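Student: Requesting a structural model of the entry that follows:
(4 chains)
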Protein chains: 2
Amino acid sequence: MVNISDVARAAGVSPSTVSRVLNQPDIVTPDKRDRVLAAIARLNYQPSTFARGLRRGTFETLALLVGDIAQPFHGRLAKAVELAAEEKGYSVLLCDLDHRQDRLVGFLRSLPKRGIDGILIATADNLDVPAVHEALTAFLAQDIAAVTTSQHLQSVPVPAVVVDRTAAAHDATRHLLDLGRWPVAFLGGGASAYSQRLADGYRAGCRDAGHRTQPRLMLDGGFQTEPAMRAVAALLAEGTIPEGIVAANVPMALGALRALAERDLDVPDDVAIIVCEDVPVAAYMRPSLTCVSTDLDAYGRRAVDTLLAAVAGHDVPRVTVLPHTLILRDSAPAAVPPPGS
Amino acid sequence: MVNISDVARAAGVSPSTVSRVLNQPDIVTPDKRDRVLAAIARLNYQPSTFARGLRRGTFETLALLVGDIAQPFHGRLAKAVELAAEEKGYSVLLCDLDHRQDRLVGFLRSLPKRGIDGILIATADNLDVPAVHEALTAFLAQDIAAVTTSQHLQSVPVPAVVVDRTAAAHDATRHLLDLGRWPVAFLGGGASAYSQRLADGYRAGCRDAGHRTQPRLMLDGGFQTEPAMRAVAALLAEGTIPEGIVAANVPMALGALRALAERDLDVPDDVAIIVCEDVPVAAYMRPSLTCVSTDLDAYGRRAVDTLLAAVAGHDVPRVTVLPHTLILRDSAPAAVPPPGS
DNA sequence: CTGAAAGCGCTTACAG
DNA sequence: CTGAAAGCGCTTACAG
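Tutor: Prediction:
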């Protein structure tokens, strides 16, 4: 790579002047400025981000810690984040957690030495556990900005950019109940805070409609298709056929669809399904999936903007809530008679 | 962040000695070595990757240029790449091309200044076009290693780690023909080299079985669900009902499924579908999708290994071909009578 | 306005 | 074996 001295030599000035042309151009005589600019263009000079970063202490790089980039929601969000960051001149380091706590802790330990300016934590896994809390605290002590999506941390002061999951699940549940469906099962991901928040909304939705929730209707599908399928199959096998299912994510909704199909249950006629996230593929499945949807491009942009504001040392809101809307599709349309009628 | 001088002071040695403990430990007296190691542990010191990189000229960072991280195949491959790279101590910069040539060219121009050691180009978009060729040549001139997946470049000496797409499409086509299906349509992505390679395999498969391919059976679905749906719908509207469809990717297969459903055509009874890639979701759709599959973890690992070998200056094979297998699922099972029988 | 100098945090010949 | 010095490619007070 051509460096600043090459350019200086070519333009007949000192390296300092080349640097000034790049950073404070008005300080430089037009004559020299033009010569430098010409040399830069001719040699195709680009200042090394890291030599510059070493001096300035900022590398224009963010890290995205994602639960599982292979999941459609995360992939779609990662895309939005990358595009938004790139627009601001930042690069994005991809860190796939593979839903493993040891990986998260490892990244929190190793990322500071990589000179990143901030991290975005996008995982539904619970961060409010001692090991993560400790690693996160040590991380933040090094004055690197952090923002989470998908959860609002209790124990550590990290700003969150989130959808109100409780409200989303509440709306989803109400939609099924308004369709006259009951019982309605909840297909979540076990004890994670994220899943608990959805479960709260589900319970509230049931309560508001005068229904009593039952533990056996709270299914643990581990956020994955396969275990979700088994959880729904187990519910059916024990004799309960729910008239609706609120699924936390699309892969689990797929698992539910398969389990229902094996028992020849129709969606939405026998069982209506609604999902608490939206991804492109949801619109194209059969039946297409009714979802609580958020504009993921806006989500990614907002998360990046918040993180960059924090990087710049500005005060940022402790929590930013993005709007969500119900997208009606075939798995739980605007109106469909309950199976008994 | 604590730096090497802090450690040196704490251990009562010079920074040089600390550096040696890290890089050539046997050169250092055990006594001092232990003191330094203790100080490192106590202060939780980690040498800055970029200060080190500035000296050494290597930053232990790879860039992954991906056509669209939101597509399931790319997301799954990105995961494999990230895990493999991290295992070798490398970080991965995520660069989403959004299938736009200007973004690809922009990344090729801007990545060198970011001090990456190599790039992995994972896109089905055609790279053998003048603008990209020029940018790629300028990129390679800076002595940064590059590897492509998914295509073998004609014009530039970049090693490729690929599945033999022609053979894959050939096998896929033959499977449908062996089922007694004809006509069989090909659902590809227009003029891209990637799609052309698949089309070649499709044509060869037809030819081998004694069928004459017809241009109207070659559909352009642009690698996306929506246009694929329109392309299949158009074929049906014009009166042709294929007994089988070879789809280049899963999103297009979804589009085909929808178009067929709208005409009440059953899969696989009326129309069998086979896809030339495999992603987790394919197994869980209804009908589940028969696919030509490749172990994506092995794929990612192989791509990273090849790239790192190139970074290290070793000779690497111009092209590495990974094996593929047919995964039989419901959309084109082992045996199903043709619709006419 | 501009150049020479110092320094960001490392590594590695160079003396000793 | 070890420290002082130089240098990776920048930026920015500091003189002038």
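
Student: can I assume A:Pro268 is in contact with A:Pro333?
Tutor: Yes - using C-beta atoms under 8 Å, A:Pro268 is in contact with A:Pro333, at 6.4 Å. Using the backbone N, CA and C atoms, a C-beta is placed for each residue, glycine as well.

Student: So for these two, which sits in the more crowded spot?
Tutor: A:Pro268 (23 against 15; other C-beta atoms under 10 Å in any protein chain shown).

Student: pLDDT wise, what is that one at?
Tutor: Reported pLDDT at A:Pro268 in the predicted model: 95.

Student: Tell me who's in contact with it.
Tutor: With contacts defined as C-beta atoms under 8 Å, 6 or more residues apart in numbering or on different chains, the neighbours of A:Pro268 are A:287, A:330-333, A:336.

Student: Just the buried residues from those residues, in PyMOL please.
Tutor: Remark: buried members of the contacts of A:Pro268, expressed as a PyMOL selection using 16 or more other C-beta atoms under 10 Å in any protein chain shown:
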select buried, chain A and resi 287+330+331+332
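
Student: Go through the contacts of A:Pro268 and say which is closest to B:Leu254.
Tutor: Using C-beta to C-beta, A:Pro287 is the member of these that sits closest to B:Leu254, with 12.7 Å.

Student: circling back: which of the contacts of A:Pro268 sits closest to B:Arg9?
Tutor: Once C-beta to C-beta is applied, the member of those that ends up nearest B:Arg9 is A:Ser331, at 64.4 Å.

Student: That closest one against A:Asp270, yeah?
Tutor: No - assessed by C-beta under 8 Å, A:Ser331 is found out of contact with A:Asp270, at 11.6 Å.

Student: Could you work out the most separated pair of the contacts of A:Pro268?
Tutor: A:Pro287 and A:Val336 (10.9 Å).

Student: ok so A:Phe186 is a helix residue?
Tutor: No - read with DSSP: H, G, I helix; E, B strand; the rest coil, A:Phe186 is strand and lies in no helix.

Student: OK, contacts around it?
Tutor: A:169, A:173, A:198-199, A:202, A:213, A:217-219, A:245-246.

Student: Redo these as JSON lines? Include secondary structure and distance to DNA strand C.
Tutor: Converted to JSON lines, the contacts of A:Phe186 look like this (DSSP: H, G, I helix; E, B strand; the rest coil; distance: C-beta to the nearest atom of the strand, whole Å):
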{"residue": "A:Ala169", "secondary structure": "helix", "distance to DNA strand C": "46"}
{"residue": "A:Thr173", "secondary structure": "helix", "distance to DNA strand C": "52"}
{"residue": "A:Leu198", "secondary structure": "helix", "distance to DNA strand C": "43"}
{"residue": "A:Ala199", "secondary structure": "helix", "distance to DNA strand C": "45"}
{"residue": "A:Tyr202", "secondary structure": "helix", "distance to DNA strand C": "49"}
{"residue": "A:Thr213", "secondary structure": "coil", "distance to DNA strand C": "54"}
{"residue": "A:Leu217", "secondary structure": "helix", "distance to DNA strand C": "54"}
{"residue": "A:Met218", "secondary structure": "strand", "distance to DNA strand C": "49"}
{"residue": "A:Leu219", "secondary structure": "strand", "distance to DNA strand C": "49"}
{"residue": "A:Ile245", "secondary structure": "strand", "distance to DNA strand C": "53"}
{"residue": "A:Val246", "secondary structure": "strand", "distance to DNA strand C": "50"}
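
Student: Report how many residues lie close to the residue in the stretch 101-250 of chain A positioned nearest to chain B.
Tutor: Nearest residue of the stretch 101-250 of chain A to chain B: A:Lys113, at 3.9 Å (C-beta to the nearest C-beta). A:Lys113: 17 surrounding residues under other C-beta under 10 Å.

Student: Verify the stated contact: it with B:Asn44.
Tutor: No - between A:Lys113 and B:Asn44 there is no contact under C-beta under 8 Å: 10.4 Å.

Student: Contacts only, for the spatially most central residue of chain A.
Tutor: By C-alpha atoms, centre = their mean, chain A has its centre lying nearest to A:Ala122, at 4.3 Å. The contact partners of A:Ala122, by C-beta under 8 Å, 6+ apart, come to A:64-67, A:74, A:77-78, A:81, A:148-150, A:303.

Student: Now do the strands in the stretch 101-250 of chain A.
Tutor: Per DSSP state E, counting those that start in this stretch, the stretch 101-250 of chain A carries strands over the ranges A:118-122, A:145-149, A:160-163, A:184-188, A:218-220, A:244-247.

Student: so of those, which one's packed in deepest?
Tutor: strand A:244-247 (a mean of 30; mean count of other C-beta atoms under 10 Å in any protein chain shown).

Student: Is there proximity between that strand and chain B?
Tutor: No - Strand A:244-247 does not reach chain B (C-beta under 8 Å from any C-beta of the partner chain); its nearest approach is 12.9 Å.

Student: Show me what counts as buried in the next helix or strand after that strand.
Tutor: As assigned by DSSP states H and E, the chain's next helix or strand after strand A:244-247 is helix A:250-262. For helix A:250-262, a neighbour-count test (16+ other C-beta under 10 Å) marks A:250-260 as buried.

Student: What about the contacts of A:Ala122, which are in strands?
Tutor: Counting by DSSP state E, these place A:64-66, A:148-149 in strands.
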